[in-house]
Every structure is written in C-alpha cells, then in structure tokens.
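# I'd like to go over a predicted model; first the sequence, then the structure.
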Amino acid sequence: MIYLLNSSIIPNEGDYRLANSNLHEAIDILMENEYNCISAIGHKATADILSTLLCVDVPVNRIAVKMEPWDKAIIFKLKERIEEGRVLNVTEINKIGYDIMLMVRLK
C-alpha cells in the first residue's frame, strides 16, 4: 500500500526508513501502484498542491494510518512548523516551501 501523508511522524510501531525524495520518484511510485494508494491528507490546500504536483487527484481524507511491512508513504512536509489552529492556503504553503520524502516500513 502507498499512503500520502502530510507528516513524517511514524504512524505505528515498526522499523522504518525515511529519506528525502523528489517529485519524479513520487510520481513513479504512484503510477506503479495506481490502485493501491490512499490519501491521508487532512487539509484541502495540501491536497490541492499534491494533486497538481503529482498529476493525480488527491482527496482530503482525515484518517489514521496503520502501515504494514513494506508499505510506503509519500510525505509532503512543510519546511516550517506553523502555529496551532492555523490553516494555510496554497499561496502560503508555496511561500513556506516543502520537501517530498519517502518512508518505508521495513518490518
């Protein structure tokens, strides 16, 4: 399973590998796993940006994720932590900047 996340926090117990990635790798992973992808993106602006960047529809989906061994997560991580309760729009997210990361549960 491939998850789309907006945080690099470990979702459940296990051994994980986290590494910087890029859009090309993320798009390749999504294309190879077209029917095994679940969005766990909880904010509309983040979902909108990811939809554009990844060339796929990323729905808003506030769910808890439990990764199994060999599941992967494509992570959209803001370069700054924002204050509690603040909801950003697309322009604000682009101004702050972000990284794309890849997390794999090893066991």
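Great, that's in hand. Because the structure is a prediction, the values reported are computed rather than measured. Numbering: from 1, shown residues only.
# C-alpha only now, for contacts and for neighbours.
OK.
# tell me where this structure has strands.
2-5, 16-20, 37-39, 72-78, 98-105 (DSSP state E).
# quick one: closest of these to R86.
strand 72-78 (13.4 Å; CA to CA).
# buried residues in the least confident helix or strand in the chain by mean pLDDT?
Every helix and strand of the chain was ranked by mean pLDDT, DSSP states H and E. The lowest is helix 90-96, at a mean of 84. Across helix 90-96, burial judged by 16 or more other CA atoms under 10 Å covers I93.
# same thing with stretch 55-66?
Counting neighbours by 16+ other CA under 10 Å, stretch 55-66 gives V58, P59, V60, N61, V65 as buried.
# output the strands of the chain in TSV, with mean pLDDT and distance to S51 appended to each entry.
As requested, the strands of the chain are exported to TSV (pLDDT from 0 to 100; distance: least, CA to CA, whole Å):
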stretch	mean pLDDT	distance to S51
strand 2-5	96	11
strand 16-20	96	20
strand 37-39	95	11
strand 72-78	93	12
strand 98-105	95	13
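# save those strands as a markdown table, and put in mean neighbour count too.
As requested, the strands of the chain are exported to a markdown table (neighbours: other CA atoms under 10 Å):
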| stretch | mean neighbour count |
| --- | --- |
| strand 2-5 | 23 |
| strand 16-20 | 13 |
| strand 37-39 | 19 |
| strand 72-78 | 23 |
| strand 98-105 | 19 |
